[in-house]
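*Asks:* predicted model, plus sequence, below.
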Amino acid sequence: MATAHIESKLEDIAPVVLMPGDPLRAKYIAENFLDNAKLINKVRNMFGYTGTYKGKKVTVFASGMGIPSIGIYSYELYNFYNVEKIIRIGTCGSFDKNIKLLDVILSTGAYCKSHFDELLDGVNVDFIQSSDSLNRAIINKAKINGVSLNVGKTITSDVFDLYCDNKQKFRDNFPDMKFLGVEMEAFGLFYIARKLNKEASCLMTVVDSLFDKRSLSSEEREKSLDDMITLALESII
């Protein structure tokens, strides 16, 4: 079995997928968290690996950046490879002054002004919820493991907000709802999951903020990302 973007065999991919944006982060997770990890996709260097975590078969598959890219990979994984659950694990910016650098956010749903939904299905949807059952599993595991988790709505944007000339104008684009963070993929994943009657969730580490101009060290980023990756893996076993 193969698609235009995935060369894997059907049996190569697990029913549960962790999906970082960066292909090299997928490689990092496979090498540092999974047992017997096998490279199962390298088309366009969008690396996918399958191995086991505490005996459970898990696939880690990169999505690339932005809604179009995650829309393609999540659709093909759900629709052609019988994947049932995808947890996006990535980074985001803070959209709330109370959300600090290195905090971990669980998105209960994503708001977006993209035309992705209109072009794909001729509908106009601004907000898509993530999977309640997946979110409950993540929240419960976070409590058991003593992981501090910020749970709430997030924004999916087509632009990197820090590059906007007028950052206040960027913020004014969004409704008067309490959003925790802003990133570039979750809406696309949640939309495809709903369209295909699958499950999706999104865990993110905060790595930039309009309210905090500090620069994080590579060690700080790695430690926080490792904690988030471990939480995602523990939530699916």
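*Replies:* Arrived safely, thanks for sending.
*Asks:* OK, contacts around the residue lying closest to Val147 once chain neighbours are set aside?
*Replies:* Excluding its sequence neighbours, the residue lying closest to Val147 (CB to CB, 6 or more residues apart in numbering) is Leu231, at 5.4 Å. C-beta: built from backbone N, CA, C; applies to glycine. With contacts defined as CB atoms under 8 Å, 6 or more residues apart in numbering, the neighbours of Leu231 are 104, 138, 141-142, 145, 147, 149, 203.
*Asks:* what helix or strand does Leu231 sit in?
*Replies:* Element membership for Leu231 (DSSP states H and E) is helix 218-235.
*Asks:* give me the distance from that helix to the chain's centre.
*Replies:* In terms of CA atoms, centre = their mean, to the nearest Å, the centre of helix 218-235 is found 13 Å from the chain centre.
*Asks:* would you mark the buried spots in that helix?
*Replies:* By neighbour count on 16 or more other CB atoms under 10 Å, the buried set for helix 218-235 is 224-225, 227-229, 231-235.
*Asks:* just the residues you listed: which has the poorest pLDDT?
*Replies:* Across those, the smallest pLDDT goes to Ser224, namely 86.
*Asks:* all helices of this protein, in order?
*Replies:* For the chain, the helices defined by DSSP state H occupy 23-33, 67-80, 116-121, 132-145, 167-172, 186-195, 218-235.
*Asks:* now the angle from the fourth one to helix 186-195?
*Replies:* With axes from the mean of the first three to the mean of the last three CA atoms, to 10 degrees as the basis, helix 132-145 and helix 186-195 are set at 120 degrees to each other.
*Asks:* just the buried positions in helix 132-145, please.
*Replies:* Quick answer for helix 132-145 (16+ other CB under 10 Å): 134-135, 137-139, 141-142.
*Asks:* need these in JSON lines with pLDDT and distance to Asn82, can you?
*Replies:* Putting those into JSON lines (pLDDT from 0 to 100; distance: CB to CB, whole Å) gives the following:
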{"residue": "Leu134", "pLDDT": "98", "distance to Asn82": "17"}
{"residue": "Asn135", "pLDDT": "98", "distance to Asn82": "22"}
{"residue": "Ala137", "pLDDT": "98", "distance to Asn82": "20"}
{"residue": "Ile138", "pLDDT": "98", "distance to Asn82": "22"}
{"residue": "Ile139", "pLDDT": "98", "distance to Asn82": "26"}
{"residue": "Lys141", "pLDDT": "97", "distance to Asn82": "24"}
{"residue": "Ala142", "pLDDT": "97", "distance to Asn82": "28"}
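*Asks:* and the two most separated of those residues?
*Replies:* Greatest spatial distance among the buried residues of helix 132-145 (CB to CB): Leu134 and Ala142, at 12.6 Å.
*Asks:* name the nearest residue to Phe190, sequence neighbours excluded.
*Replies:* Using CB to CB, 6+ apart and skipping the chain neighbours, the partner closest in space to Phe190 is Ile128 (4.0 Å).
*Asks:* next one: Val125
*Replies:* In space, Val125 is closest to Asp117, 4.8 Å off (CB to CB, 6+ apart).
*Asks:* same question, Thr156
*Replies:* Nearest to Thr156 is Phe187, by CB to CB, 6+ apart, at 3.6 Å.
*Asks:* quick one: Ser63 and His5, what's the gap?
*Replies:* Applying CB to CB, to the nearest Å, the value for Ser63 to His5 is 11 Å.
*Asks:* need the overlap of contacts for those two.
*Replies:* Common neighbours of Ser63 and His5, counting by CB under 8 Å, 6+ apart, are 46, 73.
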